[in-house]
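K.L.:
got a predicted structure plus its sequence, pasted below:
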Amino acid sequence: MKMPPMVRTLLVLMLLVTSGCGNWSRKQSRSGLLVEPADAARLGYVVNWSTNLGVPKRHTLSSVTLLGDLLFTVEAPGNLVSAISVRNGEVLWRRVVGAPTETVYTPVRDEDRAYFNNDTTLFTVGIAHGELIATAELAQVVETGPVLAGRYAIFGGVEGTVFAHDLDAGYAKWSYRLTSGIVVSPEESQQNVFVADSQGVYAALRAADGELIFRGRTFGPVSARPASTRSGIYVASHDQSLYALNRVTGSDKWVYRTASQLTQAPAALGQGVYLPVSGSGLVALGATDGKQRWATDLQAMAVHARGGNVLLLYPGGLRWVDEKTGRVVEDVQTMPLQKIVPLPDGGLLVVSPGGRVHRLIVKR
């Protein structure tokens, strides 16, 4: 059976965050929290609330997505969706979306509705109560969630077609053909969308009508979602290169070469780009010039930036490092974590593979 790209990514991530944790275990958690209060304080945070979704063994959270003031999780198998209030941690509703045997991907949201999809169908769900409002057949088979641009949910299909599904009309309004299957969600880029396919061909399209802005290619598949900022679009390719593209013209601003295929998404935070390299660790690059600032063999992901420091999530812990030098500022052990979700106020949501969610607020 073919394993969807998102599931493959999640398995890699779960292996990353649950392996190498030393003797840190649930028995050693004095408070029962994912991050001990004293350790949270060392990182500059205070534990605000705690919620436990009670994900059964052999199940996992296939997606964890912050959409406005709600955190949405999707449990697999079974497609049980939970909506959690960021304000107080209350689980507002839980419901199964679609057939339990299908894969449901990362959702998007407008003001009062959330949109979930499986390979063939888009589900419109009410934010307040989780009621199913509508379903619509997608124009192409997909293996990812969309990006939302106005009233269009823009998808990349498994046959290489990018298409804009009109949320009001219920069908595709425009489409554009790449060369092969698309296995990562499109990325929004200032009223445009950027999408790359599994042969490494990429394109920027105007979200309103699908008009081509620019097109180019890497020399290997793209299986990790690009990062987009005001300074550029960053594309990791299996050709062992990270490409920094001019977001207007698509020309190369710089290219960083590695010794390994790049299969994990880069993170653009602050003035840096942080690139996980399989078998090597994490590399920090200047966003504007692509020069290497520092590197660590720690199998880590950069998840947040604040006050000139970058927060790294690694197996069994969290670490603040200086963004320019990589010097360790603070380091704490944690229970196994699946994801860190930064909040607009500088706080964090920390999420475990078993569905425990804590909110950390900035310590004053």
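P.N.:
The structure has been received and is ready for your questions.
K.L.:
which residues touch Val329?
P.N.:
Val329 sits next to Asn309, Trp320, Val321, Asp322 when contact means CB atoms under 8 Å, 6 or more residues apart in numbering. From N, CA and C alone the C-beta is placed, and that goes for glycine too.
K.L.:
what's the burial count for the last one?
P.N.:
Pointing back at Asp322 there. Neighbourhood size, Asp322 [other CB atoms under 10 Å]: 15.
K.L.:
show me what contacts it?
P.N.:
Gly308, Asn309, Val310, Val329.
K.L.:
next: the third one.
P.N.:
Counting by CB under 8 Å, 6+ apart, Val321 touches Thr296, Asn309, Val310, Leu312, Arg327, Val328, Val329.
K.L.:
beta-bridge partners for the fourth one, please?
P.N.:
In this case it means Leu312. Ala302, Arg319 (DSSP bridges).
K.L.:
quick one: it and Thr325, what's the gap?
P.N.:
Per CB to CB, to the nearest Å, Leu312 is found 14 Å from Thr325.
K.L.:
looking at those two, which is more packed in?
P.N.:
Leu312 (24 against 10).
K.L.:
wait, the more buried one touches Met301, no?
P.N.:
Yes. Under the criterion of CB atoms under 8 Å, Leu312 makes contact with Met301 at 6.9 Å.
K.L.:
shared neighbours of those two, which are they?
P.N.:
Counting by CB under 8 Å, 6+ apart, the residues touching both Leu312 and Met301 are Leu282.
K.L.:
can you pull out the helices in this structure?
P.N.:
Per DSSP state H, the chain carries helices over the ranges 5-18, 37-43.
K.L.:
who does the last one touch, helix- and strand-wise?
P.N.:
Which is helix 37-43. In terms of contacts (3 or more CB pairs under 8 Å, 6 or more residues apart in numbering; DSSP states H and E), helix 37-43 is packed against strand 45-52, strand 328-333.
K.L.:
mean pLDDT and distance to Asp168 for the ones you listed - can I get that in CSV?
P.N.:
Output for the helices and strands packed on helix 37-43, formatted as CSV (pLDDT from 0 to 100; distance: least, CB to CB, whole Å):
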stretch, mean pLDDT, distance to Asp168
strand 45-52, 97, 34
strand 328-333, 98, 48
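K.L.:
mind putting the ones you listed in TSV, distance to Gly279 included?
P.N.:
Converted to TSV, those look like this (distance: least, CB to CB, whole Å):
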stretch	distance to Gly279
strand 45-52	32
strand 328-333	22
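K.L.:
so which of those strands comes closest to Ile127?
P.N.:
strand 45-52 (17.9 Å; CB to CB).
K.L.:
in this structure, what helix or strand scores lowest on average pLDDT?
P.N.:
helix 5-18 (a mean of 45; mean pLDDT, DSSP states H and E).
K.L.:
buried deepest among the helices and strands packed on helix 37-43, which one?
P.N.:
Most buried of the helices and strands packed on helix 37-43 by mean neighbour count (mean count of other CB atoms under 10 Å) is strand 45-52; its value is a mean of 17.
K.L.:
partners of it in the sheet?
P.N.:
strand 356-362 (antiparallel).
K.L.:
the strand it pairs with: how far from the chain's middle?
P.N.:
In terms of CA atoms, centre = their mean, to the nearest Å, the centre of strand 356-362 is set 18 Å apart from its chain centre.
K.L.:
again, but for stretch 104-121
P.N.:
For stretch 104-121, the distance to the chain centre is 15 Å (CA atoms, centre = their mean).
K.L.:
same question for stretch 305-313.
P.N.:
Worked out by CA atoms, centre = their mean, stretch 305-313 lies 17 Å from the chain centre.
K.L.:
give me the low-pLDDT residue ranges for the stretch 1-150 of the chain?
P.N.:
Low-confidence segments of the stretch 1-150 of the chain, defined by pLDDT under 70: 1-29.
K.L.:
which parts of it are strands?
P.N.:
Using DSSP state E, counting those that start in this stretch, the strands found in the stretch 1-150 of the chain span residues 45-52, 60-67, 70-76, 80-85, 91-96, 108-109, 113-117, 121-126, 132-137, 147-149.
K.L.:
list the contacts of the last one.
P.N.:
Going back to what we said before, that points to strand 147-149. So strand 147-149 is contacted by 108-110, 115, 153-154, 164, 185-188, 191, 193, 207-208 (CB under 8 Å, 6+ apart).
K.L.:
do the second one as well
P.N.:
Applying CB under 8 Å, 6+ apart, the set of residues contacting strand 60-67 from outside is 6-7, 10, 14, 53, 55, 71-76, 86, 103-109, 114, 145, 338-339, 341, 343, 349, 351, 353, 355.
K.L.:
C-alpha coordinates for it, CSV please?
P.N.:
Output of strand 60-67 as CSV, limited to C-alpha atoms (Å, rounded to 0.1, in the frame of the first residue of the first chain):
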residue,chain,number,x,y,z
THR,A,60,-1.2,9.3,16.2
LEU,A,61,-1.9,12.9,15.4
SER,A,62,-1.6,13.1,11.7
SER,A,63,-1.9,16.9,11.7
VAL,A,64,-1.7,19.7,14.2
THR,A,65,-2.7,23.1,12.9
LEU,A,66,-3.2,26.5,14.4
LEU,A,67,-6.0,28.4,12.6
